[in-house]
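Participant: From the sequence below, what's the structure:
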Amino acid sequence: MSYKLRINGQSHVVDVDGDTPLLWVLRDVIGLTGTKFGCGMALCGACTVHVNGNPTRSCSTAVESVGDASITTIEAVIKTPIGRRVQAAWLQQEVPQCGYCQSGQIMSACALLRQVPRPSAADIDAAMSGNLCRCGTYPRIRSAIALAAGGPARS
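Facilitator: Here you go, the predicted structure:
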């Protein structure tokens, strides 16, 4: 079946089964490989994208459920002021180790800062609780989010 999707501000028409996960449409059909496959069960957060601004696990979101929603991936989040602040803080705090989870982490962090511009430590922990990091860089992730929000970096 044919679906018209709005991804990163551009329209794409894809011919896939309706139950195809959005993740595979993004990676294999559209060619946007920044969104990663982690667990396939929406448990790790590596596949996080924004659907109408909300963090969404693309591995468990059927393409037919997206409709005319606006989809944003890691490739486009840097074009936003929040995305640029998060990326700069991520680099300053030296967050990535292996980097595999980072696109999902950044997408969740950007969604948090859009909803709560000055998050508390509890806000950060709650928003990021669904994103797993194999390398355990959670203190640096928290610090980078606080820094991107305009607060002091925490250790």
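Participant: Against residue 132, how distant is residue 46?
Facilitator: 8 Å (C-beta to C-beta, to the nearest Å). Every residue, glycine included, has its C-beta placed from N, CA and C.
Participant: Which of the two has more residues huddled nearby?
Facilitator: Neighbours per residue, other C-beta atoms under 10 Å: of residue 46 and residue 132, the larger number sits with residue 46, 26 against 18.
Participant: Tell me if I'm right that that one and residue 36 touch.
Facilitator: Yes. Under the criterion of C-beta atoms under 8 Å, residue 46 makes contact with residue 36 at 4.3 Å.
Participant: helix, strand or coil for the residue sitting nearest the centre point of the chain?
Facilitator: What sits nearest the mean C-alpha location of the chain, by C-alpha atoms, centre = their mean, is residue 107, with 2.5 Å. Secondary structure state of residue 107, per DSSP: H, G, I helix; E, B strand; the rest coil, is helix.
Participant: returning to that earlier point: so what's in contact with residue 46 and residue 36 at the same time?
Facilitator: Common contacts of residue 46 and residue 36 (C-beta atoms under 8 Å, 6 or more residues apart in numbering): 100, 101, 103, 104.
Participant: quick revisit: now for the residue nearest to the centre of the chain: which residues touch it?
Facilitator: When contacts are counted by C-beta under 8 Å, 6+ apart, residue 107 touches 48, 49, 50, 55, 72, 73, 74, 77.
Participant: got it, and residue 144?
Facilitator: With C-beta under 8 Å, 6+ apart, residue 144 has these contacts: 86, 89, 90, 92, 93, 95, 109, 153.
Participant: By neighbours, which of the residues you listed wins?
Facilitator: Comparing these by number of neighbours (other C-beta under 10 Å), residue 109 comes first, having 33 neighbours.
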